[in-house]
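Chemist: Quick one, what's the 3D model for this:
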Amino acid sequence: MEAKGLFNVARKEFIDHITSKKFILILALFLIISAVAMEQGIGDYNNRLEDYKEQISQIEEEEEGFYPMPKKPSILFIFQRMRWQMPLFGAILAIAMGFDLVTREKESRSLKSLLSHPVYRDEIINGKALGGILALVFAVGIAFLLLFAMLLLFSIVPDLDEFWRIALFGAVTVLCLLTYFSIALMSSTVSKDSGRSLMYAFVILLILSFGVPMLGEMVVKSVVGERPERPEFQCPRAIDTEHPSEEGEEWLRYYEELETYNEKKSAFRDAFAIFSPESHYEMVAISLTDPYVTEVHSGSWGSSYTPGDTTSVKESLEKVWKSILALIILPVVFFAIAYIKFMRLDIR
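Modeler: Numbers count the residues shown, from 1 in each chain. Predicted coordinates:
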């Protein structure tokens, strides 16, 4: 493989992507939906900020008494709405870019003539992948530039920590879309025509995004069992853990069983979420856009609030490093399958 041939193919694919009507149409829809979600998030943020200011004013007016400081809303709250729109519509964009990359060449019989030129097979498949990656980075970059412009338009300026969190959120979004693109590229490589490739790509997407998590929930219910039942009587206000009463002892036993139940449930959910890029993306997005998050699991997370106490960017990433690793490994696996299949492809 030579760098010149690789970059020539990548440049051609990148230009074909960003100039195609299909890409422009889906990107426009992607940007519109992102802008609407952003506008709604800004509205919610401004409402929370007004409530925060009112609570601060009430505390300052009171002369005596202790009042807990309210939680100041972060502009990262605006981006929490984005974690639902990005995987859904980004997946449509990524699959639309990759489902016919190879089958289009097969159907037009241009693949054979392409290989007659001084270019190697690995340069073709790697160049197509690199061109698609650049196009996805281009699309996500435009989307986040638009979102930043909207923030400045509403006079909302992120600080350095928030800026890095938003930038990392964009990078993780690219990783998530790369998984869907690599699935489409793999489907295009193994399929005989573009119609089957598109069908295979969406079937794999549905299985990973919905089928596997649903199977996980079924396994959770059958293996972990039902949630422990609460005691019928009311919990005492104070429980002496060393010498608890009969009622207190039963409530302590309930709390222990509930904690064990939740731990097993989270473990099974996380195990099945390994194959779901959407689940990994959501966990990383939650950790980055909520500086108060303390624990993140597939389908759930926990936050705690202490005045002035937030997690750093490093701590937020450490909580979800496994999900970040999965978002790197998944596209590599699907691309490896596409690469091996393309290198062994019979072109006649």
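Chemist: Surely residue 137 and residue 174 touch.
Modeler: Yes - checked against C-beta atoms under 8 Å, the pair residue 137 and residue 174 is within contact range at 5.8 Å. (Glycine included, C-beta is placed from N, CA and C.)
Chemist: Looking at those two, which is more packed in?
Modeler: Per other C-beta atoms under 10 Å, whichever of residue 137 and residue 174 has more neighbours is residue 174, with 19 against 16.
Chemist: Flag the shaky bits of the stretch 201-348 of the chain, pLDDT-wise.
Modeler: Within the stretch 201-348 of the chain, the stretches falling below the threshold (pLDDT under 70) are 231-252, 294-310, 346-348.
Chemist: Which parts of it are helices?
Modeler: Taking DSSP state H, counting those that start in this stretch as the criterion, the stretch 201-348 of the chain carries its helices at 212-219, 246-272, 277-289, 313-319, 321-343.
Chemist: I would like the residues contacting the last one, please.
Modeler: Under the criterion C-beta atoms under 8 Å, 6 or more residues apart in numbering, residues 102, 121-122, 124-126, 129, 172, 175-176, 178-179, 181-183, 185-186, 188-190, 274-275, 277, 279-281, 283-284, 317 lie in contact with helix 321-343.
Chemist: Near residue 214, how many other residues are there?
Modeler: By other C-beta under 10 Å, the residues close to residue 214 number 12.
Chemist: Residue 32 now?
Modeler: Counted with other C-beta under 10 Å, the neighbours of residue 32 add up to 12.
Chemist: Give me the pLDDT value at it.
Modeler: pLDDT, residue 32: 83.
Chemist: Check residue 1 too.
Modeler: According to the predicted model, the pLDDT of residue 1 comes to 58.
Chemist: Also residue 168?
Modeler: Per-residue confidence for residue 168 comes out at a pLDDT of 91.
Chemist: thought it was touching residue 313?
Modeler: Yes - the pair residue 168 and residue 313 qualifies as a contact (C-beta under 8 Å) at a distance of 7.1 Å.
Chemist: what sits in contact with each of the two?
Modeler: Among the neighbours of residue 168, those also in contact with residue 313 (C-beta under 8 Å, 6+ apart) are residue 288.
Chemist: For residue 42, see how far away residue 317 is.
Modeler: The gap separating residue 317 from residue 42 is 26 Å, by C-beta to C-beta, to the nearest Å.
Chemist: Neighbours of residue 33, how many?
Modeler: 16.
Chemist: Distance check, it against residue 166.
Modeler: According to C-beta to C-beta, residue 33 stands 18 Å off from residue 166.
Chemist: Nearest residue to the middle of this structure?
Modeler: When the chain is reduced to its mean C-alpha position, the closest residue under C-alpha atoms, centre = their mean turns out to be residue 281, at 2.1 Å.
Chemist: Work out for me the element the nearest residue to that residue once chain neighbours are set aside sits within.
Modeler: Taking C-beta to C-beta, 6 or more residues apart in numbering, and ignoring the residues beside it in sequence, residue 281 has residue 176 as its nearest neighbour in space, at 4.1 Å. Secondary structure from DSSP states H and E places residue 176 in helix 160-190.
Chemist: how distant is that helix from the center of its chain?
Modeler: Mean C-alpha position of helix 160-190 versus that of the full chain (C-alpha atoms, centre = their mean, to the nearest Å) differs by 8 Å.
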